[in-house]
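Engineer: coords please:
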Amino acid sequence: MESSPTTPVAVVGGGPVGLLLALFLDRHGVASTVFNTEASVPGQPRGSTHNARTMEHYRRLGLAAQVRRLGLPPEHSAGISFSTRYSGHPLALLPWPGARESRRAVASAPCTDQTPEPMHRANQMYVERLLLEHARSRPRIDLRYGWRVTEVVEGADGVGVTAENEGRARTWTAPYAVGCDGGRSLVRRSLGIRYAGEGGLDQDVLGRRSTAAHLRVPGLYGSFLRERAAWSNWVVNADLALNLIALNGVDEFFLLTSSVDPDTAEPGDLARLVRRATGADVPVEVLSHRPWTAGAALVAERFGSARMLLAGDAAHLFTPNGGFGMNTGVDDAANLAWKLAAAVQGWGGPRLLGSYESERRPIALRNTTAARELGIGLGEIERPAHLEDDSADGAAAREKAGRQLAEYGQLTLDTLGVQLGARYDGSPLIDAGSDAPPADAFTTYTPSAVPGGRAPHLWLDDFHGPFSSLFDRLGTGFTVLELGAADGAAAPLMAAARRRGIPLDVVRLDDPAARELYERDLVLVRPDQHVAWRGHRVPADPGALLERVTGH
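Structural biologist: Got it, this is the predicted structure:
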């Protein structure tokens, strides 16, 4: 075995969560080594929803505009359609703004608009390639793709990570390791941590064992979908249920279905299924297919140990309804990265890394529950035998099913509360005083500067340009917002931060809208853009506040 190299953080798993964790660490000035069994990112489609919070994280990394150029054409609908068959009866059509319309809405939004980066549809396989290419350009990120991790061992002073490549093995040592290695996580199993929750849904629409496939179906748009073309194109009838998710807006689709046996299905079976769903003998090319289990709502009992942490699917597994899975993992990475950076750089306290679990596990439970409830709602929609009949009974059945499907589909779209409303109330790092947080809501997000939640967004008309984003002014470390009459009032906090080596910037805002939105003269924002504290003046002991928010 070769000599043992070292790395500040070992990231096991080079999917979107692992890559973003490495990129966030790089932004905080911390090097990492990313191990991934495959030689590159997958070429098969997976999730396609990058929610508003994830897009904000991409913006922090300077990648939002590049992500928006991926996926569907700018004019393509990001909504959902339901039909009995693609050549059959329409059931419901739920429009949703595509990339071009979303950007127009942002350009005309009021200064207090809370979605500076609206949700975007681009399949994960496209975005992962972008993330990998960007990571390759960062000297602090050592990419070890094609290296299979075989063992992770935690010691008192660090973690040993053994990986193999082309018959040779090496062991890296790192103060910290993070398992971003999926549902079968070696890191989680090495820690003896189990999932808790529900492993699947016993229903025949995205339940039990299901099939995912990458297809090419030329002619589906022009001959059948036409004005009903959407991002998600469902066929629902008594015979089958499937979803063709548009990938390139031309001829490539991502098939999700429970209407075939995933363990025995051949490409010909999938092609015949799509023809049945279309109601016509359309050409179908099956590029790849794989089995998967829909309906999971699993959360790890613990999110790690002192030096080994879990993120993404290694920490929580989702049903796809609502598109919450990858996005929850991205938010994990944003939360964990600054805490690892603080630990590596020496300004984080002994309670800091432990706060990762106390902050993120409740969010995982919240989000997996929300996704499972959506899945159950889909399975409860009736598909009677006469749904396709050209009769009064058939029309009545279609009206009822269409109404139920529209309600379900709208719930999967109206999820801004889930996307932006994650809060860390009760965290040992948060000082909210006696302020009460807003109620959690599935569909709506209430901007609030009560410590614990995402810092409310604001467009600024300042020297950075008309309507520059407040988020672009926040530093990579902590940021103090000086609002209203608080000019220079943050000086004691800045001095206390310098003495402790804590990165802290001051942003002065004279905008009355900012003072009204944040309701205090001083606001302390964490590196992950969550509010840690607010007040009208710096506390008598500013060092004590800083020690609390950094885990001392």
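
Engineer: helix, strand or coil for the residue most central in space within the chain?
Structural biologist: The residue at the geometric middle of the chain, judged as the C-alpha nearest the mean C-alpha position with CA atoms, centre = their mean, is N327 (0.8 Å). Reduced to three states with DSSP: H, G, I helix; E, B strand; the rest coil, the structure at N327 is helix.

Engineer: Isn't it up against T54?
Structural biologist: Yes - under the criterion of CB atoms under 8 Å, N327 is in contact with T54, at a separation of 4.8 Å. Yep, even glycine has a C-beta here, placed from its N, CA and C like the rest.

Engineer: Low-confidence regions, this protein specifically.
Structural biologist: Within the chain, the ranges that satisfy pLDDT under 70 run 1-3, 462-467, 486.

Engineer: Share the number of residues neighbouring P74, please.
Structural biologist: The tally of other residues near P74 (other CB atoms under 10 Å) stands at 14.

Engineer: which residues of the stretch 151-300 of the chain fall in helices?
Structural biologist: Taking DSSP state H, counting those that start in this stretch as the criterion, the stretch 151-300 of the chain carries its helices at 186-190, 220, 267-278.

Engineer: after the longest helix belonging to the chain, next one along is what?
Structural biologist: When every helix of the chain is counted residue by residue (DSSP state H), the longest turns out to be helix 354-379. Beyond helix 354-379 in the direction of the C-terminus, DSSP states H and E gives the next helix or strand as helix 392-413.

Engineer: Buried residues, that next one. List them.
Structural biologist: Of the residues in helix 392-413, 394, 397-398, 401-402, 404-406, 408-413 count as buried by neighbour count, 16 or more other CB atoms under 10 Å.

Engineer: how about the CA coordinates for it, as CSV?
Structural biologist: The C-alpha coordinates for helix 392-413 follow below in CSV (Å, rounded to 0.1, in the frame of the first residue of the first chain):
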residue,chain,number,x,y,z
ALA,A,392,-71.8,10.3,-19.7
ASP,A,393,-70.4,8.1,-17.1
GLY,A,394,-66.9,8.4,-18.7
ALA,A,395,-67.2,12.2,-18.9
ALA,A,396,-68.2,12.4,-15.2
ALA,A,397,-65.3,10.1,-14.2
ARG,A,398,-62.9,12.2,-16.1
GLU,A,399,-64.2,15.4,-14.6
LYS,A,400,-63.7,13.9,-11.1
ALA,A,401,-60.3,12.4,-11.8
GLY,A,402,-59.2,15.6,-13.5
ARG,A,403,-60.2,17.7,-10.5
GLN,A,404,-58.4,15.4,-8.1
LEU,A,405,-55.3,15.2,-10.3
ALA,A,406,-55.2,19.0,-10.6
GLU,A,407,-55.4,19.4,-6.8
TYR,A,408,-52.5,16.9,-6.4
GLY,A,409,-50.5,18.4,-9.2
GLN,A,410,-50.9,21.9,-7.8
LEU,A,411,-49.7,20.8,-4.4
THR,A,412,-46.5,19.5,-6.0
LEU,A,413,-46.0,22.9,-7.6
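
Engineer: relative to helix 354-379, how tilted is that helix?
Structural biologist: Comparing the axes of helix 392-413 and helix 354-379 via axes from the mean of the first three to the mean of the last three CA atoms, to 10 degrees yields an angle of 170 degrees.

Engineer: Not counting its own residues, what contacts helix 392-413?
Structural biologist: Helix 392-413 is contacted from outside by 79-80, 82, 84, 89-92, 94, 96, 232, 234, 236, 321-323, 374, 377-378, 381-384, 386-389, 442-443, using CB atoms under 8 Å, 6 or more residues apart in numbering.

Engineer: from those, which would you call buried?
Structural biologist: Neighbour counting over the contacts of helix 392-413 (16+ other CB under 10 Å) leaves 79-80, 82, 84, 89, 91-92, 94, 96, 232, 234, 236, 321-323, 374, 377-378, 381, 383-384, 387-388, 442 as the buried ones.

Engineer: Burial check on F224, number of neighbours?
Structural biologist: F224: 21 surrounding residues under other CB under 10 Å.

Engineer: gap between it and E252?
Structural biologist: With the distance defined as CB to CB, to the nearest Å, F224 ends up 16 Å from E252.

Engineer: picking that back up, most tightly packed of the helices of the stretch 151-300 of the chain?
Structural biologist: By mean neighbour count, with neighbours taken as mean count of other CB atoms under 10 Å, helix 220 ranks first of those at a mean of 25.

Engineer: Might one say that L256 is in contact with L206?
Structural biologist: Yes - the pair L256 and L206 qualifies as a contact (CB under 8 Å) at a distance of 6.6 Å.

Engineer: who's in contact with the residue nearest to the centre of the chain?
Structural biologist: 49-51, 53-54, 419.

Engineer: Tell me the one among those residues nearest to A174.
Structural biologist: Proximity of those to A174, judged by CB to CB, is greatest for T54, which lies at 26.6 Å.

Engineer: burial measure for the nearest residue to S102 once chain neighbours are set aside, as a count.
Structural biologist: The spatial neighbour of S102 that comes closest, neighbours along the chain excluded (CB to CB, 6 or more residues apart in numbering), is P118 at 4.2 Å. By the other CB under 10 Å criterion, the neighbourhood of P118 contains 23 residues.

Engineer: Give me the three-state assignment for P118.
Structural biologist: Under three-state DSSP, the three-state class of P118 is coil.

Engineer: What residues of the longest helix of the chain count as buried?
Structural biologist: 354-357, 359-364, 366-368, 370-372, 374-379.

Engineer: number of nearby residues for R184?
Structural biologist: For R184, the number of neighbouring residues by other CB under 10 Å comes to 9.

Engineer: what sits against it?
Structural biologist: R184 is in contact with no residue at all, counting by CB under 8 Å, 6+ apart.

Engineer: Next, work out how far apart it and V12 are.
Structural biologist: From R184 across to V12, the span is 12 Å (CB to CB).

Engineer: Over to R226?
Structural biologist: Using CB to CB, which is the criterion applied here, R226 is 46 Å from V12.

Engineer: Look at those two and report which has more neighbours.
Structural biologist: Comparing R226 with V12 by neighbour count (other CB under 10 Å), the higher total belongs to V12, at 30 against 10.

Engineer: and the more buried one, what are its phi and psi?
Structural biologist: Per-residue torsions, V12: phi -100, psi 110 (degrees, to the nearest 10).

Engineer: Hmm, it is touching R189, no?
Structural biologist: No - at 11.5 Å, V12 and R189 do not qualify as touching, with contact defined as CB under 8 Å.

Engineer: Need the overlap of contacts for these two.
Structural biologist: Between them, V12 and R189 share no contacting residue, judged by CB under 8 Å, 6+ apart.

Engineer: before we move on, the earlier item: pretty sure the residue nearest to S102 contacts R100?
Structural biologist: No - using CB under 8 Å as the test, P118 is too far from R100 to be in contact (11.4 Å).

Engineer: returning to what we had before: how about the helices of the stretch 151-300 of the chain in JSON lines, adding distance to P539?
Structural biologist: Listed next are these as JSON lines, based on distance: least, CB to CB, whole Å:
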{"stretch": "helix 186-190", "distance to P539": "39"}
{"stretch": "helix 220", "distance to P539": "62"}
{"stretch": "helix 267-278", "distance to P539": "63"}
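
Engineer: Which of these sits closest to A314?
Structural biologist: The closest of these to A314 is helix 186-190. By CB to CB, the value is 5.2 Å.

Engineer: Dump that closest one to PDB, keeping only the CA atoms.
Structural biologist: Coordinates of each C-alpha in helix 186-190 appear next as PDB, following Å, rounded to 0.1, in the frame of the first residue of the first chain:
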ATOM      1  CA  LEU A 186     -20.800   2.700   3.400                       C
ATOM      2  CA  VAL A 187     -20.200   5.600   5.800                       C
ATOM      3  CA  ARG A 188     -23.600   5.200   7.500                       C
ATOM      4  CA  ARG A 189     -23.200   1.500   7.700                       C
ATOM      5  CA  SER A 190     -19.700   1.900   9.200                       C
END
